[in-house]
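Need coordinates for the following:
(4 chains)
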2 protein chains.
Amino acid sequence: MSQRGPESPVSPARTTTDELFNPVSLNRASQAIVDQIRLLLQNGHLRPGERLPSERDLCERFGVSRVTVREALRILEAGGLVSIKVGARGGAYITAPSSDRIGRGIEDYLRLSPAVTAAEVTEARLVLELGIVPIVCARATDEDLAELLDLCDQADVAMAEGTYVVEMSAAFHVRVARVAHNAAIEMILHPFHGPMVRSLREARKASPTMGSHGPAEHRRFVEAIRDRDPYTATTVMRAHLMRTASLVKPSPLAAPIGEVSPIDLPSPAAS
Amino acid sequence: MSQRGPESPVSPARTTTDELFNPVSLNRASQAIVDQIRLLLQNGHLRPGERLPSERDLCERFGVSRVTVREALRILEAGGLVSIKVGARGGAYITAPSSDRIGRGIEDYLRLSPAVTAAEVTEARLVLELGIVPIVCARATDEDLAELLDLCDQADVAMAEGTYVVEMSAAFHVRVARVAHNAAIEMILHPFHGPMVRSLREARKASPTMGSHGPAEHRRFVEAIRDRDPYTATTVMRAHLMRTASLVKPSPLAAPIGEVSPIDLPSPAAS
DNA sequence: GAAGACTATTGGTCAGACCATAGGCCCACC
DNA sequence: GGTGGGCCTATGGTCTGACCAATAGTCTTC
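Now for the predicted structure:
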C-alpha cells in the first residue's frame, strides 16, 4: 500500500521474520530517484544549502526523461527535502525539512485519518501540553513571559469587547509550546491546534459562554510560569485542558484520562 | 519560502499584523490543483475510498496538460492523501493519510533539520514516553502484556547469546506506545526511535556494556503495567530513559530536565 | 463450468518544443 | 567613475502527442 523503497527508515527494528523479502521491483522510476537522493541526504553526501544539478542534467545522469526527474523533485519538495527556485541560478536546493510542512502533514493525518478520533487528539494534546509544563517553567525567558502576558491582555480586551475567538486561545497555547525552546516539541504540538480550533468553535456555538474562563486561566498559568512553580502551573493547565476537553467531547475516553490522572504532580489529595 | 496556498491551515490564528498581505500569485498550476483537491478533502466533498477521475479526465476539467495533473497527483500522493493504482479500474483513490508516511516526514525532520538537536529529540521523547505511562497502565490488554513480555523474553535470550541489539529496545518502546491505544500518540512517537537507534548504536560502540540493564528494566516496567501501578511504572521508565539519555549525550539540556522533574508522580522524596 | 486469451482502461514514460522567470552582464548615459 | 536599464542565458513550468505496461473485466474455447 505505502509504496516505499527497500530502505524503510521508519521501522528499522524488525525482530519478527515477516517482510524479510521486500519487493524487488520499485516499478516507478521517479520513486527510485527519490530514494537515491534521499539516501544521499541521509548519508550526508548532500547537505542543506547545496544545489542539485539542473533537471536536464539529472535526466542524463539518471538516464530518464525530464518528466520523470520532475516528478521525483515534486515528491522531494512535498516532503520538504528540497526547495525549487526558477530562473537563472535556480534549481533544486537541499533544504532541511521545515516545521511548517511536516506540521501540515501531521494536521492532515489528525483531521483526515479515520484511525484518529477527536478524543485521541485531545488526549495526545493533553499528554504533550502537560508534559512540557516543567520544561516551560525552567526555560521561560523574560521575552517569553512578556509575550504571553501580552496575549493575555489582548484576550481580556477581546473578551470585554465580545470579540474573543477560539483562535486567540489556540495562539496562546502555541506560544506556550514555543517557550519550551524545543523545535521537536513545537513541531509536534503546533498541528494539534488546527483540529482543536474547529472542535472548540463548534462547542462554542452550542454554549456561547464556554470560553469565558479561558483567558483568566491562561493568565494564572503565566503567573505560575513566572514564579517558576511547575506544580501550580501544571495544576492550572490540567484543569484548563480537562475542562476544555470535556466540553469538546463527552466521550468515553474522557473518564480514563481523569481516573488515571495522566500527569500526577504531588498533590495533597493524592492517595 | 514554503510555497503554500492562500488557505494556510497550520496557523489560523494570526493575532499580529504581519503577513497580512499574502502573495497573490500561486504561479504553479500543479500546486493550484493540489490546493483545490485538498480543499475538497477537507470539506468532505471527497471521502476516503473514493476515486478521482482519470488523469486524462482531470486534464480536461482543470484545463491543463496531463503532465501538470500528474505532478499534482505526485504531491498529493507524497502527502499520503491519495494512493494511485495502475491498470484498469486504477487511478487515484482518496486515502486517509497513513501513519507510516507522516512518520517518515517527522523522522526526516528530526534527523535532517538543523533546528532540532539530538538533545531536543531526547527531551521530546521523554515527555511523550513518560506522559503516556498512566494511559498505558489504564488501557493495557492481556494481549498487550503478553506481547510485551514476549519481547522481554526475546531480549533476555539475545542478551544471553550476546546478540542483543538496540533495535530490540526500540521495538519494545514502540510496542509500549501502541499500548496507549491512541493512533495520534503512536504516530508521533514512532518516528522518534529511528534517530534514537542510531544514537544508541554509537553510544554502545563507545561503551559496549551500555545496554546491559535495559531488558531488566523493561521487564520491571511491564510488571508495573500489569499491576496497574502507574507510579512504579513511571518511576522505572523515567530512570530507564534518563539513564539512556545521559549515555547518549551529556548535553547541558539534560540537567534542567532532571532538576524540574518533568513528570513528577507523587513520591516520598518529593518536597 | 473453468481455464486461458483478448480488450479496454489507466497509469508510467518518453521526446521535443515553447514560454516565463530571474540572475548576470554589458553598455549607454549621467 | 558610477549607475541604471536592457539584453542574455540558464533554468524551471507547461504543453503536445505518442507509446509502453499493468490490470480488471469479458469473451472464447475446451
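
give me the element the residue most central in space within chain A is part of.
In chain A, the residue lying closest to the centroid (Cα atoms, centre = their mean) is residue A:188, at 2.7 Å. Using DSSP states H and E, residue A:188 maps to helix A:183-189.

what's that helix packed up against?
Applying 3 or more Cβ pairs under 8 Å, 6 or more residues apart in numbering or on different chains; DSSP states H and E, one finds that helix A:183-189 makes contact with helix A:99-112, helix A:118-131, helix A:166-179, helix B:99-112, helix B:118-131. In this view, the C-beta of every residue, glycine as well, is placed from N, C-alpha and C.

tell me the contacts of the residue nearest to the residue nearest to the centre of chain A when sequence neighbours are not counted?
Nearest non-adjacent residue to residue A:188, counting by Cβ to Cβ, 6 or more residues apart in numbering or on different chains: residue B:188, 5.6 Å away. The contact partners of residue B:188, by Cβ atoms under 8 Å, 6 or more residues apart in numbering or on different chains, come to A:106, A:124, A:188, B:106, B:128.

and DNA strand C, which of the helices and strands packed on helix A:183-189 is closest to it?
DNA strand C sits nearest to helix B:99-112 of all those, at 15.9 Å, using Cβ to the nearest atom of the strand.

quick check, that closest one touching chain A?
Yes - Helix B:99-112 reaches chain A (Cβ under 8 Å from any Cβ of the partner chain) through B:99-112.

what residues are up against residue A:202?
Contacts of residue A:202 (Cβ under 8 Å, 6+ apart): none.

that's a helix at it, yeah?
Yes - assignment of residue A:202 by DSSP: H, G, I helix; E, B strand; the rest coil places it within a helix.

Surely residue A:47 forms part of a helix?
No - counting by three-state DSSP, residue A:47 is not found in a helix; it is coil.

Next, give phi and psi for it.
When read as degrees, to the nearest 10, the backbone of residue A:47 gives phi -120, psi 150.

Can you tell me which of the residues of helix B:99-112 next to chain A is closest to residue A:136?
Nearest to residue A:136, judged by Cβ to Cβ, of those is residue B:110 at 20.7 Å.

Make sure the closest one is actually in contact with residue B:191.
Yes - Residue B:110 lies in contact with residue B:191 (Cβ atoms under 8 Å); the separation is 6.4 Å.

Need the residues touching each of those two.
By Cβ under 8 Å, 6+ apart, no residue touches both residue B:110 and residue B:191.

Around DNA strand C, pick out the residues from the stretch 51-200 of chain A.
Within the stretch 51-200 of chain A, the positions near DNA strand C by Cβ under 7 Å from any atom of the strand are A:63-68, A:71, A:85-90.

how about 10 Å then?
Contacts of the stretch 51-200 of chain A with DNA strand C, taken as Cβ under 10 Å from any atom of the strand, map to A:55-56, A:59-60, A:62-72, A:85-90.

Give me the subset of these that also touch DNA strand D.
Checking those against DNA strand D (Cβ under 10 Å from any atom of the strand), the matches are A:55-56, A:59, A:65-67, A:69-70, A:85-90.

where does the stretch 51-200 of chain A have low pLDDT?
Under the criterion pLDDT under 70, no range of the stretch 51-200 of chain A is flagged.

In it, which residue sits closest to DNA strand C?
residue A:87 (2.0 Å).

What distance do you get for that residue to residue B:27?
12 Å (Cβ to Cβ, to the nearest Å).

Among these two, which residue is more densely surrounded?
Between residue A:87 and residue B:27, counting by other Cβ atoms under 10 Å in any protein chain shown, residue B:27 is the more crowded of the two (10 against 6).

Check for me that the more buried one belongs to a strand.
No - under the criterion used here (three-state DSSP), residue B:27 is coil, not part of a strand.

For it, which residues are in contact?
Residue B:27 neighbours (Cβ under 8 Å, 6+ apart): none.

all helices for chain A, in order.
Applying DSSP state H to chain A gives helices spanning A:29-42, A:55-62, A:66-78, A:99-112, A:118-131, A:133-139, A:142-161, A:166-179, A:183-189, A:193-206, A:214-226, A:230-248, A:254-260.

Make CSV from the ones you listed and add distance to residue B:233 to it.
Below are the helices of chain A laid out as CSV (distance: least, Cβ to Cβ, whole Å):
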stretch, distance to residue B:233
helix A:29-42, 35
helix A:55-62, 51
helix A:66-78, 40
helix A:99-112, 27
helix A:118-131, 15
helix A:133-139, 19
helix A:142-161, 33
helix A:166-179, 26
helix A:183-189, 23
helix A:193-206, 28
helix A:214-226, 27
helix A:230-248, 19
helix A:254-260, 11
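
Out of those helices, the one nearest residue B:42 is which?
Nearest of the helices of chain A (Cβ to Cβ): helix A:99-112, 7.0 Å.

what does that closest one rub up against?
A:78-80, A:116, A:121, A:183, A:186-188, A:190-192, A:194-195, B:2, B:4, B:9-10, B:41-42, B:48, B:79-81, B:96-97, B:99, B:101-102, B:105-106, B:108-109, B:113, B:115, B:184, B:187-188.

Need the buried ones from the residues you listed selected in ChimeraX.
Here is the ChimeraX command that selects the buried residues among these (16 or more other Cβ atoms under 10 Å in any protein chain shown):
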select /A:78,79,80,116,121,183,186,187,188,190,191,192,194,195 /B:4,9,10,41,42,48,79,80,81,96,97,99,101,102,105,106,108,109,113,115,184,187,188
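
I figured residue A:140 hits residue A:180, correct?
No - Residue A:140 is beyond contact range of residue A:180, at 9.1 Å (criterion: Cβ under 8 Å).

Those two: who's more crowded?
Neighbours were counted for residue A:140 and for residue A:180 using other Cβ under 10 Å; residue A:180 has more, 27 against 20.

Pretty sure that one sits against residue A:136.
Yes - shown here, residue A:180 and residue A:136 form a contact pair, counting by Cβ under 8 Å, at 5.4 Å.

Please see if stretch A:118-138 touches chain B.
Yes - using Cβ under 8 Å from any Cβ, stretch A:118-138 reaches chain B at A:120-121, A:123-124, A:127-128, A:130-132, A:134-135, A:137-138.

export that stretch as PDB, just CAs?
Only the C-alpha atoms of stretch A:118-138 are listed here, as PDB (Å, rounded to 0.1, in the frame of the first residue of the first chain):
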ATOM      1  CA  ALA A 118     -11.200  13.600  18.300                       C
ATOM      2  CA  ALA A 119     -10.800  12.000  21.700                       C
ATOM      3  CA  GLU A 120      -7.400  10.700  20.800                       C
ATOM      4  CA  VAL A 121      -6.300  14.100  19.500                       C
ATOM      5  CA  THR A 122      -7.400  15.700  22.700                       C
ATOM      6  CA  GLU A 123      -5.700  13.000  24.800                       C
ATOM      7  CA  ALA A 124      -2.400  13.400  22.900                       C
ATOM      8  CA  ARG A 125      -2.600  17.100  23.300                       C
ATOM      9  CA  LEU A 126      -3.100  16.600  27.000                       C
ATOM     10  CA  VAL A 127       0.000  14.500  27.300                       C
ATOM     11  CA  LEU A 128       2.100  16.900  25.300                       C
ATOM     12  CA  GLU A 129       0.900  20.200  26.800                       C
ATOM     13  CA  LEU A 130       1.100  18.900  30.400                       C
ATOM     14  CA  GLY A 131       4.400  17.200  29.800                       C
ATOM     15  CA  ILE A 132       6.100  20.300  28.700                       C
ATOM     16  CA  VAL A 133       5.000  22.500  31.600                       C
ATOM     17  CA  PRO A 134       8.000  21.800  33.800                       C
ATOM     18  CA  ILE A 135      10.300  22.500  30.900                       C
ATOM     19  CA  VAL A 136       8.400  25.600  30.200                       C
ATOM     20  CA  CYS A 137       8.800  26.700  33.800                       C
ATOM     21  CA  ALA A 138      12.600  26.100  33.600                       C
END
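
Quick one: distance of it to the chain centre.
A distance of 12 Å separates the centroid of the chain from that of stretch A:118-138, by Cα atoms, centre = their mean, to the nearest Å.
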